[in-house]
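J.: give me the fold of what follows.
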Amino acid sequence: MEETLVVIKRGNHIESEHTGSIAVVDWQGNLLYRVGDVSRMTYTRSALKPIQTIPLVQSGAADRFLMNDKEIAICCGSHNGEEQHTQVVNSMLFRIGLQEEHLQCGAHPPYSQERYLELVQKQIKPSPIHNNCSGKHTGMLALAMHLESDIDSYHRMEHPVQQKVLESLLELAELPEEQVITGIDGCGVPNFGIPLSKLAYVFARLAHPEEIQPPSLKQAIKRITQAMVQYPEMVSGANEFCTEAMQITKGRVLAKGGAEGVYCLGLMEKGIGIAIKVTDGNWRSAYPAAVEVLKQMGELAPHEEVALQAFHTPVIQNRKGEHVGKVEPVFQLKTEGNRGN
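T.: Numbering: from 1, shown residues only. Next up is the predicted model:
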């Protein structure tokens, strides 16, 4: 059963609350801490992106198209559509000889309000390259070309690109295919649901791939995670939690969120994965919960906790800019001594 993770206070009184579940698992599969129902089936949403990038690197497609680590990072990203992001995606598309019209992700306004206002002022309509998933889709196009498969249907479940993504997830989660649920993500590609504890296990193995076979898979994971922590601004964007969490901790923490209140962390030096699912899908509680988990586990130095305070206990302002409340995590991690993924 889900538990209350975060409350919304107006003044000193609770106005709203967000329930959810949290799983903390090590690379050997031990469930270390839990909150709520860690067995609940959870769509991975954009937290899946590092796994979706594995076939691109493992197959040799990334090397074939001379992709650098910044480009690998944006393949894992849910970017803001800032100019730094669209430039990188355009460079990738140019190198594989395709146009943004080949992207099957659809278009939406950039998450960056500054960039969106620039487009409005210039009367430019948002295009697929502004989609937060355009880096991932460009990587999938590159893989489709490398596999000499159809580039128009790379987003379909039956396509070799998506089958390789599924294979990577099954390998890391150590699950049979029949125990995975499948849906379609907001960008049009398949998305997979697995138990929350298994999602934490996947991030634990991303953080500690040393025992993973074959070597090509281990090396692909290492390249992907190092790209993410080296170029965190490609994973989300300026002033965003994913970026800040990885920058402030100097790469000790791997951070990747997804829609509907999904957030995942990997502790790179300890091989521990953390998966959070907010029941109502509201993003405003995912970041406070993520910081609180790190705090309770003793993973944040005092200066890092201060630097992440705006995400940990965000203030609520009225229309005049006055502070009238705050968002506050209230859960307590429960210790587990059993193997539970």
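J.: and the strand or helix carrying residue 164, how far out from the chain middle?
T.: Remark: residue 164 resides in helix 160-173, with elements defined by DSSP states H and E. Distance of helix 160-173 from the chain centroid (CA atoms, centre = their mean, to the nearest Å) equals 17 Å.
J.: contacts only, for residue 184.
T.: Taking CB atoms under 8 Å, 6 or more residues apart in numbering, we find residue 184 in contact with 190-191. Placement of C-beta: from N, CA and C, glycine included.
J.: show me what it bridges to in the sheet.
T.: Bridge pairing for residue 184 (DSSP bridges) gives the partners residue 190.
J.: and the pLDDT at it?
T.: pLDDT, residue 184: 98.
J.: same question, the one 3 residues further on
T.: Reading off the per-residue confidence, residue 187 sits at a pLDDT of 97.
J.: I figured it hits residue 108, correct?
T.: No: applying CB atoms under 8 Å, one finds residue 187 not in contact with residue 108, separated by 9.3 Å.
J.: which residues are common contacts for the two?
T.: Residues touching both residue 187 and residue 108 (CB under 8 Å, 6+ apart): 131-132.
J.: show me what residue 315 is bridged to.
T.: Bridge pairing for residue 315 - DSSP bridges - gives residue 326.
J.: now the strands: where do they sit in the stretch 101-250 of the chain?
T.: Per DSSP state E, counting those that start in this stretch, the stretch 101-250 of the chain carries strands over the ranges 181-184, 190-195.
J.: residues making contact with the helix holding residue 164?
T.: If you take CB under 8 Å, 6+ apart as the criterion, helix 160-173 is touched by 44, 48, 51-52, 54-55, 58-59, 140, 143-144, 147, 149, 154-157, 175-177, 180, 189-190, 192, 194, 198-199, 201-202, 205-206, 212, 217.
J.: any of those buried? List them.
T.: When the contacts of helix 160-173 are checked for burial by 16 or more other CB atoms under 10 Å, the buried set is 44, 48, 51-52, 54-55, 58-59, 140, 143-144, 147, 154-155, 175, 180, 189-190, 192, 194, 198-199, 201-202, 205-206, 212, 217.
J.: turn the strands of the stretch 101-250 of the chain into a markdown table, including distance to residue 5.
T.: Converted to a markdown table, the strands of the stretch 101-250 of the chain look like this (distance: least, CB to CB, whole Å):
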| stretch | distance to residue 5 |
| --- | --- |
| strand 181-184 | 23 |
| strand 190-195 | 18 |
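J.: how about the helices in the protein?
T.: Taking DSSP state H as the test, the helices found in the chain are 49-58, 61-64, 69-75, 83-96, 113-121, 134-146, 160-173, 196-207, 215-230, 232-235, 241-248, 286-296, 302-307, 309-312.
J.: please save the CA atoms from the third one in PDB.
T.: It refers to helix 69-75. Extracted in PDB, the C-alpha atoms of helix 69-75 (Å, rounded to 0.1, in the frame of the first residue of the first chain):
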ATOM      1  CA  ASP A  69      29.700  11.700 -24.900                       C
ATOM      2  CA  LYS A  70      27.600  14.900 -25.100                       C
ATOM      3  CA  GLU A  71      25.600  13.300 -27.800                       C
ATOM      4  CA  ILE A  72      25.300  10.000 -25.900                       C
ATOM      5  CA  ALA A  73      24.000  12.100 -22.900                       C
ATOM      6  CA  ILE A  74      21.300  13.800 -24.900                       C
ATOM      7  CA  CYS A  75      20.100  10.400 -26.100                       C
END
